[in-house]
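Engineer: Quick one: sequence and predicted model below, then my questions.
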Amino acid sequence: MSSFRKALKSRQRNHQERSQPGFRKHLGLLEKKKDYKLRADDYHKKQNTLAALRKKALDKNPDEFYYKMISSKLQDGVHVAKKGEEEVVTEEQKKLMRTQDIKYVEMKRVAEAKKIERLKGELHLLDADRKQKNTHTFFVDSKKEVQSFDLAEQLRTAPELVDRVFNRPTLETLETKTIQGAVEPHSIKKMGRQRKHQYKILSQRIDREKKMFVISQKIQTRMDLQDKNKKVKVKRETTSAPAIYKFEAKRKR
């Protein structure tokens, strides 16, 4: 039993590697096992890489061909792409290509604008943050009626639904079974999530339409620069607006 007690790991003290003896300090730090493991792992990693490269070289197909072999050359030990023959494109051809580009962008922008209008018609911007608040004025005959005025009674709806600007049924409508099922809490939450998702899609489409408008302006600016000779840049091009140029006035004959 005593031998078993001595063999328990809980009663054993941690093994510690010795440090470099004093008379060997001139040889530097004594390498520990963790240092040896790092050095061994690095050595084996390099050996495995060399073995993989040797295997790749042995398995290489001598008839292998790819276009970089003829489109690049070795210059000072670095692969440099050869300069091919420059394409000759006239100004008229460039203008025609940009005209086609701007037509395509405008077509996409108009399609996006139509989708935005359709979404706005479906949502009516009921709970948009930037929408102007509607005002509904009620007229009464005396100040006494103003003090005792009940908005829920005037609108003939439940007091909980007075603050809603949409889907505000009357008390007569709430008494029917069909509407009672439609105004259940889980149905209202589901409708709210769907409406929020639709507003998110609408916001994304509005941003996309604005970006396409900026792109078409930039293409149009480049087309205008081809017809003018003397120009002065007034404003630099940004991500949200094209560059602005001022051209010299020229009399047309």
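Structural biologist: Okay, I see it.

Engineer: in the stretch 51-200 of the chain, which spans are strands?
Structural biologist: 72-75, 78-81 (DSSP state E, counting those that start in this stretch).

Engineer: Can I get the ones you listed in CSV including mean pLDDT?
Structural biologist: Formatted as CSV, the strands of the stretch 51-200 of the chain follow (pLDDT from 0 to 100):
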stretch, mean pLDDT
strand 72-75, 86
strand 78-81, 84
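
Engineer: Turn those into a markdown table, including distance to K218.
Structural biologist: The way it works is simple: take the backbone N, C-alpha and C, and place the C-beta from them, glycine included. Below are the strands of the stretch 51-200 of the chain laid out as a markdown table (distance: least, Cβ to Cβ, whole Å):
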| stretch | distance to K218 |
| --- | --- |
| strand 72-75 | 34 |
| strand 78-81 | 29 |
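
Engineer: Check what pLDDT E85 gets.
Structural biologist: In this prediction, E85 carries a pLDDT score of 55.

Engineer: My error: substitute D224 in the last question.
Structural biologist: 79.

Engineer: tally of neighbours for D35?
Structural biologist: 11 (other Cβ atoms under 10 Å).

Engineer: host element of it?
Structural biologist: Here D35 sits within helix 33-58, counting by DSSP states H and E.

Engineer: Tell me which stretches of the stretch 101-250 of the chain form helices.
Structural biologist: 143-147, 151-155, 171-174, 177-182, 185-227 (DSSP state H, counting those that start in this stretch).

Engineer: between the ones you listed, which gets nearest to A40?
Structural biologist: helix 185-227 (54.8 Å; Cβ to Cβ).

Engineer: In terms of secondary structure, what does that closest one contact?
Structural biologist: Counting contacts by 3 or more Cβ pairs under 8 Å, 6 or more residues apart in numbering; DSSP states H and E, the secondary-structure elements packed against helix 185-227 are helix 91-123, strand 244-247.

Engineer: Now distance to R39 and mean pLDDT too, for these, in CSV please.
Structural biologist: Listed next are these as CSV, based on distance: least, Cβ to Cβ, whole Å; pLDDT from 0 to 100:
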stretch, distance to R39, mean pLDDT
helix 91-123, 60, 85
strand 244-247, 64, 81
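
Engineer: I'd like those laid out as CSV, including distance to K190 and mean neighbour count.
Structural biologist: Formatted as CSV, the helices and strands packed on helix 185-227 follow (distance: least, Cβ to Cβ, whole Å; neighbours: other Cβ atoms under 10 Å):
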stretch, distance to K190, mean neighbour count
helix 91-123, 16, 13
strand 244-247, 49, 12
